[in-house]
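1. Predicted model and sequence below, questions to follow.
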Amino acid sequence: MDIWRTPSDIPSTLESSVLTIGVFDGVHRGHQAVINRTVELARECGCTPVALTFDPHPFAVHNPDFSINMVSTLDDRLDRLAAAGIEACYVQEYTLDYAQASPREFVEKQLVGELKARSIVVGEDVRFGRDNAGDGALLKELGEELGCHVELVEDLTDEQGRRWSSTWLRELLAKGDVAGAREVLGRPHRVRGKVVRGFQRGRALGFPTANLTGDDLGEVPADGVYAGWLVKTAPGSNAAVYLPAAISVGTNPHFGNKERTVEAHVLGRADLNLYDESIALDFVERIRPMMKFDSLDELTARMDEDIRLTAQILGVPTAGRVNPDDVTAQ
C-alpha cells in the first residue's frame, strides 16, 4: 500500500478513487464494513481504493489537556487497511490550522480535488469540517454538486444494539476484557513494540520474557496475566510467526516494581533472542489480575498454573519451565 503524507506525494497517475475517511482506531468491525464496501465499490468502477486518515487523533489536538490512548498504533492501522485491500492511504497531519477548513473546502479541495474522489464511502455518523459542522446529509449534497457519489454505511451493532466503536473498545480494554474486545474487533487485540532488556528475573525462575515498554505500544489492557500470541517476522521473509505466550501486564508487585511493563513468556522456548526486535502481542483471554504473593514459591507455583492455562486456552501442548542455563539471549 502506498503512503502519502503531502499533496506532492499523490501520483499524477491517480485518475479517480473511491475514498473512505476516518481515524480507524483499532480498525474494528464497524470500520471493516466501511472499508470492505470501499474496496468493493472501487473494483466495480475500476478506481483506486484510498483511505484518508489522521495523525495525531483529532480529539488530542482539540483537547490537549486530556489524554487519549490509541487502541492501535498508526503502523498497525496502516497494516490493517492494506490487508483489507486499500491500495493507498493519505496520512493527514491533523493540526488546528487544518481543522479550520469549512465542510465545503474540505470536500472540494482535498477529497474531490487532491484525492480525486469519484465516490466517497463513510459511516452514517460522519462529521467533518470546521467545528464538525458537516454531516452525512451535507456530504451527499456536496457530492451531488461536485459529481461525486456518496454512500453512507449503516452502523453495525451487537445483539443488544450497542454500536461497534473505538470508545467501547477502550472501555473493554480498561477492564482487561480482551475477549469482549475480540468481539468488537473481529480478531484479538494487538500491541506492538520493540523488545528491551528487563530485570531478567523471569529467566532465573525458568520463565524468560520478552519485555516491551513505552507509550507508543497501542492501548495496553488492564494489569493482569493473559493468554495470547507473540507475533514476529520469520527470518529471511515477511511471513508472520505466531508463538503461544503468557503475557503479564503491570508493575510486578511481588518485586516492588513501580514501572508498568508488558512481558511475554513464549511457552517452552529458551532459544529466542528477541532483543531490539519489533514484535506484536495478541491478547486472547485474561487469566487473572496482577497479584502479590507471600513467597517466591507461591509466585512460581502460580506462574506454572498460568502457563498451563495459557496452553489450554490456546489449544497448544503444555510446556513447563525452561532451564535458565539453556536461555540463549544474552
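-> Yes, it's here.

2. in the stretch 201-330 of the chain, which spans are helices?
-> In the stretch 201-330 of the chain, the segments counted as helices under DSSP state H, counting those that start in this stretch are 201-205, 296-314.

3. Would you map the strands across this protein?
-> 2-4, 17-21, 48-55, 88-93, 117-123, 149-153, 189-194, 210-212, 224-233, 240-250, 261-266, 278-288 (DSSP state E).

4. Mean pLDDT added to the ones you listed, as CSV?
-> CSV is the format used below for the strands of the chain (pLDDT from 0 to 100):
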stretch, mean pLDDT
strand 2-4, 98
strand 17-21, 98
strand 48-55, 97
strand 88-93, 98
strand 117-123, 97
strand 149-153, 97
strand 189-194, 91
strand 210-212, 89
strand 224-233, 95
strand 240-250, 94
strand 261-266, 92
strand 278-288, 95
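
5. contacting residues for the most centrally placed residue in the chain?
-> With distances taken as C-alpha atoms, centre = their mean, the residue of the chain nearest its centroid is residue 72 (2.6 Å). Contact analysis of residue 72 by C-beta atoms under 8 Å, 6 or more residues apart in numbering lists 25-27, 80, 190, 192, 218-219. From N, CA and C alone the C-beta is placed, and that goes for glycine too.

6. what do you get if the cut-off is 7 Å, keeping everything else the same?
-> 25-27, 190, 218 (C-beta atoms under 7 Å, 6 or more residues apart in numbering).

7. okay if I get those residues as JSON lines plus neighbour count?
-> What follows is these, written out as JSON lines (neighbours: other C-beta atoms under 10 Å):
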{"residue": "25", "neighbour count": "27"}
{"residue": "26", "neighbour count": "28"}
{"residue": "27", "neighbour count": "25"}
{"residue": "190", "neighbour count": "23"}
{"residue": "218", "neighbour count": "23"}
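
8. that older thread, and among the strands of the chain, the most buried is which?
-> strand 17-21 (a mean of 28; mean count of other C-beta atoms under 10 Å).

9. could you dump that one to PDB, C-alpha only?
-> Extracted in PDB, the C-alpha atoms of strand 17-21 (Å, rounded to 0.1, in the frame of the first residue of the first chain):
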ATOM      1  CA  SER A  17     -10.600   7.000  -6.400                       C
ATOM      2  CA  VAL A  18     -13.200   5.500  -4.100                       C
ATOM      3  CA  LEU A  19     -12.300   7.200  -0.900                       C
ATOM      4  CA  THR A  20     -13.100   6.400   2.800                       C
ATOM      5  CA  ILE A  21     -12.300   8.800   5.700                       C
END
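
10. That strand packs against which elements?
-> helix 29-45, strand 48-55, strand 117-123 (3 or more C-beta pairs under 7 Å, 6 or more residues apart in numbering; DSSP states H and E).

11. Outline the domain layout of this protein.
-> 2-153, 188-316 (automatic domain parsing).

12. Now distance to residue 40 too, for the strands of the chain, in TSV please.
-> Shown next, in TSV, are these (distance: least, C-beta to C-beta, whole Å):
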stretch	distance to residue 40
strand 2-4	20
strand 17-21	9
strand 48-55	9
strand 88-93	17
strand 117-123	9
strand 149-153	10
strand 189-194	25
strand 210-212	36
strand 224-233	28
strand 240-250	26
strand 261-266	37
strand 278-288	27
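
13. So which of those strands is nearest residue 164?
-> strand 117-123 (10.0 Å; C-beta to C-beta).

14. What's the end-to-end length of stretch 234-247?
-> 21 Å (C-alpha to C-alpha, to the nearest Å).

15. what's the pLDDT at residue 257?
-> Reported pLDDT at residue 257 in the predicted model: 64.

16. doesn't residue 230 make contact with residue 243?
-> Yes. In terms of C-beta atoms under 7 Å, residue 243 counts as a neighbour of residue 230; the distance is 4.6 Å.

17. Check the contact between residue 260 and residue 248; I expect there is one.
-> No. Counting by C-beta under 7 Å, residue 260 does not reach residue 248; the two are 10.6 Å apart.

18. count of neighbours near residue 9?
-> 12 (other C-beta atoms under 10 Å).

19. Kindly report the same for residue 125.
-> Residue 125: 14 neighbours (other C-beta under 10 Å).

20. Same check on the one 5 residues further on?
-> Residue 130 is flanked by 13 other residues according to other C-beta under 10 Å.

21. returning to what we had before: would you convert the helices of the stretch 201-330 of the chain into CSV that also reports distance to residue 157, mean neighbour count and mean pLDDT?
-> Output for these, formatted as CSV (distance: least, C-beta to C-beta, whole Å; neighbours: other C-beta atoms under 10 Å; pLDDT from 0 to 100):
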stretch, distance to residue 157, mean neighbour count, mean pLDDT
helix 201-205, 42, 17, 70
helix 296-314, 28, 16, 93
